[in-house]
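K.L.:
What would the 3D arrangement of this be:
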Amino acid sequence: MILKIVFTAFVLMCIGAVSMPVRADDDSMKQKAEEVGNDVKRGSKDASRKVKDETCELVNGKMECAGQKAKHSIQKGADKVEDAID
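P.N.:
Below you'll find the predicted structure:
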């Protein structure tokens, strides 16, 4: 009888724990979402610049695209610094 009561209480506690909404800190969730967004944004910028560099080299040759490639590497460094500041 006591075992049945203890077991029933345990089951009810488990059901209560599962049904309780989990509340996360809104600020930390927003911050993490912003960080992920920044990472995705930086990655897409980097990928598009690489595609532009490769396309330029295929169409125009390496010498004509050296300035654009240097510009993109500077922009990549600036993006890293900007991301570090945020």
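
K.L.:
average pLDDT across the longest helix along the chain?
P.N.:
Looking across the chain with DSSP state H, the single longest helix is helix 26-60. Looking at helix 26-60 alone, the average pLDDT works out to 87.

K.L.:
Remind me what that helix packs against, helices and strands.
P.N.:
If you count contacts as 3 or more CB pairs under 8 Å, 6 or more residues apart in numbering; DSSP states H and E, helix 26-60 packs onto helix 62-85. Placement of C-beta: from N, CA and C, glycine included.

K.L.:
Go through the helix it packs on and flag the buried ones.
P.N.:
The neighbour-count check on helix 62-85 (16 or more other CB atoms under 10 Å) flags 65, 69, 72, 79 as buried.

K.L.:
Out of those residues, the closest to residue 39 would be?
P.N.:
Nearest to residue 39, judged by CB to CB, of these is residue 79 at 10.8 Å.

K.L.:
Go ahead and confirm that closest one touches residue 44.
P.N.:
No - counting by CB atoms under 8 Å, residue 79 does not reach residue 44; the two are 10.9 Å apart.

K.L.:
neighbouring contacts of stretch 36-45?
P.N.:
75, 76, 79, 80, 83, 86 (CB atoms under 8 Å, 6 or more residues apart in numbering).

K.L.:
Can I get that stretch as PDB, trimmed to CA atoms?
P.N.:
What follows is stretch 36-45, C-alpha atoms only, in PDB (Å, rounded to 0.1, in the frame of the first residue of the first chain):
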ATOM      1  CA  VAL A  36      24.000  32.800 -34.900                       C
ATOM      2  CA  GLY A  37      22.600  35.400 -37.300                       C
ATOM      3  CA  ASN A  38      25.900  37.200 -37.400                       C
ATOM      4  CA  ASP A  39      27.700  34.000 -38.100                       C
ATOM      5  CA  VAL A  40      25.400  33.100 -40.900                       C
ATOM      6  CA  LYS A  41      25.600  36.600 -42.300                       C
ATOM      7  CA  ARG A  42      29.500  36.600 -42.200                       C
ATOM      8  CA  GLY A  43      29.600  33.200 -43.800                       C
ATOM      9  CA  SER A  44      27.300  34.100 -46.600                       C
ATOM     10  CA  LYS A  45      29.300  37.300 -47.300                       C
END
